[in-house]
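Colleague: need the 3D shape of this:
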Amino acid sequence: MLRSFLFCFVFAIFASLVACQCATGRFEEPDGDAKIDDPGDDASCRRGQVACTIGGETQCVSYDPADLCEPWERCVSGSTTCDASGTPVCTCEVAEALGAGTQVAFADSTQLANGALIVAGWNAGLAPHAYKDLNVGWWNPAAEHDTCSNGAIEWEIVRGVPEGEGPIADPDGYRGGVAATGPNVGRFASIITVPDEHGAPSNDVLVSYEVVSEEGAFVEIAHGRFIGEDASNVAFDWSFHAVEPPAGAVAVASTSLTLQSNGMPAVAYTLHYPSRPGDADDPRNQPTYEIKVARATVAVPEAAEDWTVINVVDATDAGCQNDSQCADGQRGIRAGFFGMCLETADLTNCVGTEGESAGKVVCDPGAGGPIASPAELCVAVDTIKADLPENNYLGDSDYDRDAFIDGVCPETGVGTGHCCMLPMKLGDYIPVNGLFLSLNSVGNDGQLSLLSYGRRTGTLDHYSINPANQVTHRVVRGGGAEGDVGMGLSATLDPADNRLLHVAFVDGIKNDLYYLRLNVHDNGNVGVAANSLRVVDDGNPIAGLEARATPGFVGDNSRIAIAQTETGAEARIVYSDTANHQTVLARRAAGANSGTAFEISVIENHLKEGNAGAIGDGNFPTILNNNDVAHPGSSLITSTYRLTVGSRAKSDTCVAPFGMAEVEDGEEEGAGD
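Modeller: Have a look, this model is predicted:
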């Protein structure tokens with residue numbers, strides 16, 4: 001984009017200069033900076049010029065179309081001419097509205113007391129515009145949509161459009177025509193419905209999410225006060241506040257809202273900090289992370305003073321994703337799967353000692369270009385030793401510092417004391433523990449249960465926070481021989497047992513989706529319920545999922561709910577089949593033992609016929625139990641599709657009602673799955 005812009009800019013200047021140098025007639029400036037040039041007999045004006053009559057003579061006047069209309073307008077093709085004074089003018093028309101971007105990523109959903117389904121998430125935008133907004137929408141089953149079959153979600157941009165920026169597209173269109181990117185707002189959204197003064201569900205909502213501003217990253221809360229009429233006409237009045245002031249974090253890695261046993265909200269979140277040179281608590285200058293829980297002291301918090309914040313995990317080693325998270329003079333360097341902030345050495349230290357490489361720099365210079373392999377960096381082994389703890393670097397009891405260093409930094413030659421390492425440019429998951437947080441209130445006395453995925457340790461972790469805010473940590477699964485366990489996790493409380501959690505998660509080594517039940521005890525200890533661990537989906541081809549030709553990655557961003565049906569409680573897990581771009585639903589009796597398989601099916605009734613399989617679907621699904629008494633045991637499932645093929649780039653979130661009549665274009669049609 002920048003390269004093409006510069007080319008056009010330089011070309012315009014070059015064309016203007018050529019026009020001036022080749023002029024054979026007189027030069028005049030009829031208005032502003034416009035340049036004129038006598039075309040001569042039978043000559044035509046160049047591109048970017050228009051023939052004007054000035055003083056009885058025809059002159060070619062150079063112009064910039066952007067100067068002829070308002071910033072949100074464009075010249076109608078072929079309409080450029082001159083007014084009586086010889087100034088270029090054109091017929092202006094309003095520019096096409098901005099595209100709606102990505103609606104939405106990192107989604108979460110809730111339901112109001114009046115039955116309205118509300119979805120919150122992050123709008124990253126779509127090329128060429130990066131929005132990075134918080135969007136909140138409500139499902140209108142009666143609306144029409146070009147891709148979704150069951151009505152449409154009516155979106156509102158709640159946060160993110162920068163103030164003071166003018167429109168460059170239709171001011172009445174999306175985002176008011178403002179394409180500029182403001183602070184990054186809305187990732188890792190979590191939304192809940194708050195109770196009314198009697199403790200019953202209301203029509204107001206709270207949303208937690210990441211904000212990345214010039215002051216750093218922090219968690220913000222949006223309070224939506226319902227000002228609509230009913231479920232068919234939803235609107236909110238919004239107010240905002242930070243849970244705590246920014247303190248130098250570079251990113252928020254996850255957020256999770258819940259209601260405590262006293263009806264007051266609580267939120268869990270993970271902060272990722274860059275290295276802090278000179279920090280006495282981190283003399284190694286490595287990135288760190290913290291996991292925090294904030295308990296509200298009022299029913300509806302409106303300011304940071306309304307929260308009590310505790311550290312569930314104090315500042316602990318994290319990794320870096322790029323140089324920006326490192327101190328001056330350091331580089332983000334790939335050390336195994338994660339990045340470390342390290343000082344580099346001169347390349348002449350990384351030389352071979354034998355054969356043809358003897359005395360020569362052996363670090364790969366890289367293939368160049370923005371996508372090709374990067375150049376390796378020269379690092380001293382002693383530098384890594386100084387910046388690694390002696391014990392438990394990755395939470396592995398078998399960790400040996402020297403063995404780890406030998407693995408990530410093999411010396412380039414015997415006795416050189418240096419090695420070649422790649423810069424850290426990987427950007428999959430934020431390299432911290434505390435991802436995919438799921439916060440739940442357990443028992444009746446204010447105890448909180450927090451589940452998370454440890455990216456650095458490969459573990460599914462549980463933190464129990466008692467009413468006195470004392471924390472007990474237990475590893476549920478993963479690490480060491482059990483592999484990389486816990487990504488994409490979600491958890492929900494059993495409706496009949498407020499100390500029993502139903503949990504879905506992915507084994508990152510096997511690429512399988514798992515389910516288990518977890519008992520949370522008064523003393524903070526947890527235990528996997530006997531005979532409950534089960535592989536839900538291993539990604540292999542099965543009946544009903546014919547699109548699967550080979551095993552693929554399944555379970556990303558799973559969401560779980562426990563529905564009360566006529567035959568009993570049913571566990572329902574909705575998740576992504578990443579390879580086949582499908583939203584998958586797995587379900588079975590909630591109390592079934594590990595020998596009982598889940599019934600697996602593809603959710604397809606949210607896309608209009610002809611779209612299924614043709615677009616990137618199955619992203620960031622959500623599920624919740626429907627409070628509609630006319631359809632007991634039904635669920636509301638959402639899924640985001642993304643189509644980014646040329647000029648057809650678009651994205652939206654569609655709704656799939658499960659276990660109830662489907663709604664298509666505002667009409668009832670048949671029975672649900």
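
Colleague: pLDDT weak spots in the protein?
Modeller: Low-confidence segments of the chain, defined by pLDDT under 70: 1-43, 277-284, 368-372, 391-397, 414, 613, 645-648, 661-673.

Colleague: if we go to 50?
Modeller: Low-confidence segments of the chain, defined by pLDDT under 50: 1-33, 40-42, 662-673.

Colleague: residue 231: what's it in contact with?
Modeller: 112, 114-116 (C-beta atoms under 8 Å, 6 or more residues apart in numbering). C-beta coordinates here come from the backbone N, C-alpha and C atoms, glycine included.

Colleague: which segments of the chain make up each domain?
Modeller: 2-94, 102-319, 346-419 (automatic domain parsing).

Colleague: for residue 565, find the nearest of those.
Modeller: Taking C-beta to C-beta, domain 102-319 is the member of the domains of the chain nearest to residue 565, at 17.6 Å.

Colleague: how long is that closest one end to end?
Modeller: Domain 102-319 has an end-to-end distance of 28 Å (C-alpha to C-alpha, to the nearest Å).

Colleague: residues in contact with stretch 315-324?
Modeller: Contacts of stretch 315-324 (C-beta under 8 Å, 6+ apart): 250, 272-275, 281-282, 286-290, 326, 330-332, 335, 338-341, 389, 393, 423-427, 430-433, 456.

Colleague: now the buried members of those.
Modeller: For the contacts of stretch 315-324, a burial check counting by 16 or more other C-beta atoms under 10 Å picks out 250, 272-275, 282, 286-290, 326, 330-332, 335, 338-341, 393, 423-424, 426, 430-433, 456.

Colleague: in a markdown table, list the domains of the chain along with distance to residue 611.
Modeller: Formatted as a markdown table, these follow (distance: least, C-beta to C-beta, whole Å):
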| stretch | distance to residue 611 |
| --- | --- |
| domain 2-94 | 30 |
| domain 102-319 | 5 |
| domain 346-419 | 31 |
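
Colleague: ranking those domains by burial, who's on top?
Modeller: Ranked by mean neighbour count under mean count of other C-beta atoms under 10 Å, the domains of the chain are led by domain 102-319, which reaches a mean of 19.

Colleague: show me how far that one is from its chain's centre.
Modeller: Taking C-alpha atoms, centre = their mean, to the nearest Å, one finds domain 102-319 lying 11 Å from the centre of the chain it belongs to.

Colleague: quick one: the helices in this protein?
Modeller: Ranges of helices within the chain are 2-21, 381-386, 401-408, based on DSSP state H.

Colleague: circling back: closest to residue 638 out of the domains of the chain?
Modeller: Short answer: domain 102-319, nearest of those by C-beta to C-beta, at 5.7 Å.

Colleague: next step: the buried ones among the contacts of stretch 315-324 restricted to strands.
Modeller: 272-273, 288-290, 331-332, 335, 338-341, 433 (DSSP state E).

Colleague: looking at the residues you listed, which is nearest residue 361?
Modeller: residue 331 (17.2 Å).

Colleague: and the closest one, what is it in contact with?
Modeller: Contacts of residue 331 (C-beta under 8 Å, 6+ apart): 323, 341-344, 377, 423.

Colleague: tell me which residues form a beta bridge with it?
Modeller: residue 342 (DSSP bridges).

Colleague: state the distance from it to residue 425.
Modeller: According to C-beta to C-beta, to the nearest Å, residue 331 stands 11 Å off from residue 425.

Colleague: which two among the contacts of residue 331 are spaced furthest apart?
Modeller: Taking C-beta to C-beta, no two of those sit farther apart than 343 and 423, at 13.4 Å.

Colleague: in this structure residue 387 contacts residue 342, no?
Modeller: Yes: applying C-beta atoms under 8 Å, one finds residue 387 in contact with residue 342, separated by 6.4 Å.

Colleague: hey, where'd the strands end up in the stretch 401-550 of the chain?
Modeller: 418-421, 433-442, 447-454, 459-465, 471-478, 485-494, 497-507, 512-520, 526-528, 534-537 (DSSP state E, counting those that start in this stretch).

Colleague: what sits up against the fourth one?
Modeller: Surrounding strand 459-465, the residues in contact under the criterion C-beta under 8 Å, 6+ apart are 291, 293, 310, 312-313, 395, 433, 447-454, 471-479, 485-486, 489, 503, 505, 518, 520, 524-526.

Colleague: just put the contacts of residue 231 in a markdown table and tack on distance to residue 260.
Modeller: Listed next are the contacts of residue 231 as a markdown table, based on distance: C-beta to C-beta, whole Å:
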| residue | distance to residue 260 |
| --- | --- |
| 112 | 20 |
| 114 | 24 |
| 115 | 25 |
| 116 | 24 |
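
Colleague: I'd like to know which of these are part of strands.
Modeller: Per DSSP E, the subset of those in strands is empty.

Colleague: which outside residues touch stretch 489-503?
Modeller: 436, 438, 440-444, 449, 451-453, 460, 476, 504-506, 515-521, 529, 558-562, 564, 569, 571, 573, 590.

Colleague: quick check on those: which are buried?
Modeller: 436, 438, 440-443, 449, 451-453, 460, 476, 504-506, 515-520, 529, 558-562, 569, 571, 573, 590.
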